[in-house]
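K.L.:
Can you look at this prediction? I've put the sequence above it.
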Amino acid sequence: MKIEVLFPEFANLFGDCWNHRYLKACLPEAEFIETSYCSQPRFASEDVQLVYMGAMTESQQELVIKKLLPYKDRIQAMIDSGTVFLMTANAGEVFCDYIENEDGSRADALGIVPLHAKRDMLHRFNSVQLCSFENMELVGFKAEFSQLYGDNAGFGFAGVKYGIGINKESRLEGVRINNFFSTSMVGPFAVMNPLFVKYLMRLLGVEDPVLAHEEVIMAAYNKRLEDIKRMMNSK
Amino acid sequence: MKKNFRFFIALWISKAAMLLQKLLGMNASYFPGKLAIKLCPDFLGRIDKPETIITVTGTNGKTTCCNMLLDILTENGYDVLNNKAGSNIDAGIASALIAEASLSGRVSKKLGLFEVDERSSKKIYAYVHPNYTVCTNLFRDSIQRNAHPEFIFSFIDSSLPDDTHLILNADDPISSRLKEGNRRSYFSIGRLPTDRDECVNIINDMRMCPKCHATLEYEYVRYHHIGKMRCPVCGFASPEPDFLASPDWKKGSFTVKTHEGEEEYPLVSSSVFNTYNQVTVVAMLRTFGLSAEAIAKSFSHLKIVESRYTSVEKDGVEVITNMTKGQNPVACSIVFDYIRHEPGDKEVVLMLDDLTYKKTTEIMTWVFDADFELLEHESIKRIVACGVRIHDYHLRLLLAGIPEEKIRCVENETDAPKELALERGEKVFILHDLTTPVMTRKVRDGILEELDRREAKA
């Protein structure tokens, strides 16, 4: 099994690197490929089973768009054929139609996800999130300058129980197209959501997934779930 | 900006509020300034300010640097208007100016020294024109507020005036690029035996050349992105320092090579981080015009503020409290590295929760940016994690490779002393957040009582 981590030298803000580090702890037999910005993505020339990319700065988003644009058709084909993608924080914006700045200027993005991002660099939005995906509850945090706009009703990732969706008016978080998962929740999303890690492992063909430090990670997850539900019910 | 009627109303009301707060025994360091700015939004622009202004900003070390600068300047006869007693945002600076201003808004002190919160740069530098600005460094900090270093860099860079003389860290490839057209003096600490060829930290926010995007090559890395680097493609490189320091830990001093010669100063601490603070102070004060002898004389009796570091010994066990700002992964990692390199056996009590969040759920992403891996060392015998988020710490310590048998978890901090081995000759580090001074003292006293109990039993 090959798992490719794109641009880990910078797409790692907010502890996002633990999404792939934790997967590595759970999948010790898998080959993890860390592709730097100066290299050609491995998925361009061979099959990989999961592509991960994490949070980056706004200027780096624009560099990544330039870097991945020549591989747009390949990425689309991989999504269509069911390759697993996990994008956390603002990494998913790279796959949208465009990213708009406060002054109205735009950076065209890959145009794979029919949504667009709007930046507001003077107002940072922070929230705690509780979402539902299939039969599990997802927890996490948002800390963002940009939000997504457009209608993700047909391809949203998770329903929102507490917090916001792709923008302040939305109750549907993220993007899911086949096995392409994108959420603007930041940081170690996988570490905070052990049930989702098991789900990913099953998608990758692991029949009976066992998590690293399962007892402790479940205790941390259950405690956070309890905290968020208490916050939600006290409002 | 001229003083207008609105300004005077704001000044008089805020001075009255300050007087009332003082009569009530309250700390009047923030509210009067906030009130003045509310009543007169450009209040900071209209009030008189000292002729010479020094501001100190940066992610880590600004309070310590400001405290040292204030002590040394005061000892050397300067009457310095400052915001030490208050906050480092616009309201704190306004309060400091209100406290000194006459009813006509005149300020007689000639020198101002202000600590400036990076995120407040736009609000402050729009009205306060510093002659000198020190930037200690720029790192990741609270993600809710500061996002990432590139954002904070652009915030400061676009706010500072073009004629401010900058005192910058040559070893920090991020902050050293601030205001590239401004006059500047660089400080640096030369290569140390503990420097590494490659970064071992989780965070290094300067792996890619900001000019041509090639991968940077580091001659050496001290921690995170601090070190000496160059771009093999375009030649972008760490700047040459005007003040190059070489610490001698055994001798307890450091030399600083300048364009004029070499100077020697006593060290106030054995940590690299505090040495940076001292070198920053030397660079600032030497640029300002203070003599090396005067600075050295003041350093010889300066101490780090007690709330940040205390040490007490009992029955052969040294109990140390060390402020370790939660939410700030770099500050945590630097302290972890310091503990790792301290001689002898150690135990660590982690009480890093920010109490502001006690009733909610704190954004914990910083825990995964902090290098808990540095606590995985044979000399660190036990780690006790405390607080409401013990499961997160437990998991993080396991992911850092720390054996389960070394980890203890207690939700109530006051239960931590019982979990410690407290062997004679060892050091116990209590790492605490800024928001927990009372609990920190309780835990420290609890350890001393536990030592008494065990001594009585023996």
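P.N.:
Looks like it arrived, so ask away.
K.L.:
show me where chain A has helices.
P.N.:
Listed in chain order, the helices found in chain A under DSSP state H are A:17-26, A:58-68, A:72-80, A:189-192, A:194-203, A:214-234.
K.L.:
Show me what the first one is packed against.
P.N.:
Which is helix A:17-26. In terms of contacts (3 or more C-beta pairs under 8 Å, 6 or more residues apart in numbering or on different chains; DSSP states H and E), helix A:17-26 is packed against strand A:2-6, strand A:31-35, strand A:50-53, helix A:189-192, helix A:194-203, helix B:390-399. All C-beta spots, glycine's among them, are computed from the backbone N, C-alpha and C.
K.L.:
between that helix and helix A:214-234, how big is the angle?
P.N.:
Counting by axes from the mean of the first three to the mean of the last three C-alpha atoms, to 10 degrees, helix A:17-26 points 140 degrees away from the direction of helix A:214-234.
K.L.:
Could you do the second one as well?
P.N.:
Here helix A:58-68 points in a direction 120 degrees away from that of helix A:214-234 (the same axes, to 10 degrees).
K.L.:
for the helices and strands packed on helix A:17-26, which one ends up most surrounded?
P.N.:
Of all the helices and strands packed on helix A:17-26, helix A:189-192 carries the top mean neighbour count, a mean of 27, counting by mean count of other C-beta atoms under 10 Å in any protein chain shown.
K.L.:
Tell me the secondary structure at the residue lying closest to B:L352 once chain neighbours are set aside.
P.N.:
Residue nearest to B:L352 in three dimensions, not counting chain neighbours: B:G326, with 4.0 Å by C-beta to C-beta, 6 or more residues apart in numbering or on different chains. The assignment at B:G326 comes out as coil when based on DSSP: H, G, I helix; E, B strand; the rest coil.
K.L.:
B:G326: neighbouring residues, count only.
P.N.:
Using other C-beta atoms under 10 Å in any protein chain shown, B:G326 has 30 neighbouring residues.
K.L.:
Pretty sure it sits against B:I363.
P.N.:
No - proximity of B:G326 to B:I363 does not meet the contact threshold set by C-beta atoms under 8 Å, at 10.7 Å.
K.L.:
List the residues that contact residue 139.
P.N.:
No chain was given, so I picked chain A. Applying C-beta atoms under 8 Å, 6 or more residues apart in numbering or on different chains to A:V139 gives the contacts A:V128, A:Q129, A:L130, A:C131, A:M192, A:N193, A:Y221, A:R224, A:L225, A:I228.
K.L.:
I was thinking of chain B, sorry if that wasn't clear
P.N.:
For B:F139, the contacting residues are B:T59, B:N60, B:P149, B:I174, B:I203, B:D205, B:H224, B:H225, B:N328, B:V330, by C-beta under 8 Å, 6+ apart.
K.L.:
Could you write me a PyMOL select line covering just the buried ones among those?
P.N.:
Buried residues within those, by 16 or more other C-beta atoms under 10 Å in any protein chain shown, are selected in PyMOL with:
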select buried, chain B and resi 59+60+149+174+203+205+224+225+328+330
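K.L.:
Which strands or helices does the helix or strand B:T74 falls within pack on?
P.N.:
Remark: B:T74 resides in helix B:62-75, with elements defined by DSSP states H and E. Packing contacts for helix B:62-75, counted by 3+ C-beta pairs under 8 Å, 6+ apart, involve strand B:52-57, strand B:80-82, strand B:111-115, helix B:272-288, helix B:292-299.
K.L.:
now that helix: mean pLDDT?
P.N.:
Helix B:62-75 carries an average pLDDT of 96.
K.L.:
could you give the angle of it to strand B:111-115?
P.N.:
Taking the same axes, to 10 degrees, one finds helix B:62-75 and strand B:111-115 inclined to each other by 160 degrees.
K.L.:
So what angle separates the directions of helix B:62-75 and helix B:272-288?
P.N.:
Inter-element angle recorded for helix B:62-75 and helix B:272-288: 40 degrees (by the same axes, to 10 degrees).
K.L.:
Show me which residues of helix B:62-75 are buried.
P.N.:
Judged by neighbour count (16+ other C-beta under 10 Å), helix B:62-75 contains these buried residues: B:K62, B:T63, B:T64, B:C65, B:C66, B:N67, B:M68, B:L69, B:L70, B:D71, B:I72, B:L73.
K.L.:
just checking, B:K257 touches B:E264?
P.N.:
No - at 10.7 Å, B:K257 does not count as touching B:E264 under the criterion of C-beta under 8 Å.
K.L.:
Those two: which is more packed in?
P.N.:
More crowded of B:K257 and B:E264, by other C-beta under 10 Å: B:K257, with 16 against 13.
K.L.:
Now do the contacts for the more buried one.
P.N.:
So B:K257 contacts B:F243, B:L244, B:A245, B:S246 (C-beta under 8 Å, 6+ apart).
K.L.:
Equivalent analysis for B:S176, please.
P.N.:
Applying C-beta under 8 Å, 6+ apart, we find B:S176 in contact with B:L168, B:N169, B:A170, B:Y186, B:S238, B:P239.
K.L.:
Nearest residue to it in space, ignoring adjacent ones along the chain?
P.N.:
B:L168 (5.0 Å).
K.L.:
Three-state assignment for the one you found, please.
P.N.:
Here B:L168 is strand, with the state taken from three-state DSSP.
K.L.:
who does the helix or strand of chain B with the lowest mean pLDDT touch, helix- and strand-wise?
P.N.:
The weakest-scoring helix or strand in chain B, judged by mean pLDDT, DSSP states H and E, is helix B:143-146 (a mean of 87). Here helix B:143-146 touches no other helix or strand, going by 3+ C-beta pairs under 8 Å, 6+ apart.
K.L.:
Show me what the following helix or strand past that helix is packed up against.
P.N.:
Following helix B:143-146 in sequence order, the next helix or strand is helix B:149-157 (DSSP H and E). Applying 3+ C-beta pairs under 8 Å, 6+ apart, one finds that helix B:149-157 contacts helix A:58-68, helix B:121-125.
K.L.:
Please tabulate the ones you listed in a markdown table, including the columns mean neighbour count.
P.N.:
Converted to a markdown table, the helices and strands packed on helix B:149-157 look like this (neighbours: other C-beta atoms under 10 Å in any protein chain shown):
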| stretch | mean neighbour count |
| --- | --- |
| helix A:58-68 | 19 |
| helix B:121-125 | 20 |
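K.L.:
nearest to A:L86, of these?
P.N.:
Closest to A:L86 of those, according to C-beta to C-beta: helix A:58-68, at 15.3 Å.
K.L.:
any idea of the mean pLDDT in that closest one?
P.N.:
For helix A:58-68, the mean pLDDT works out to 97.
K.L.:
do the same with stretch B:161-180
P.N.:
Stretch B:161-180 shows a mean pLDDT of 98.
K.L.:
ok, and for that stretch, which residues are buried?
P.N.:
Of the residues in stretch B:161-180, B:164-179 count as buried by neighbour count, 16+ other C-beta under 10 Å.
K.L.:
Provide a list of residues in contact with B:M68.
P.N.:
B:M68 touches B:N277, B:Q278, B:V281, B:L302, counting by C-beta under 8 Å, 6+ apart.
K.L.:
Now mean pLDDT and distance to B:D315 too, for the helices and strands packed on helix A:17-26, in a markdown table please.
P.N.:
Output for the helices and strands packed on helix A:17-26, formatted as a markdown table (pLDDT from 0 to 100; distance: least, C-beta to C-beta, whole Å):
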| stretch | mean pLDDT | distance to B:D315 |
| --- | --- | --- |
| strand A:2-6 | 98 | 50 |
| strand A:31-35 | 98 | 49 |
| strand A:50-53 | 98 | 51 |
| helix A:189-192 | 97 | 40 |
| helix A:194-203 | 98 | 43 |
| helix B:390-399 | 97 | 28 |
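K.L.:
Any idea which of these gets closest to A:K168?
P.N.:
Taking C-beta to C-beta, helix A:189-192 is the member of the helices and strands packed on helix A:17-26 nearest to A:K168, at 20.3 Å.
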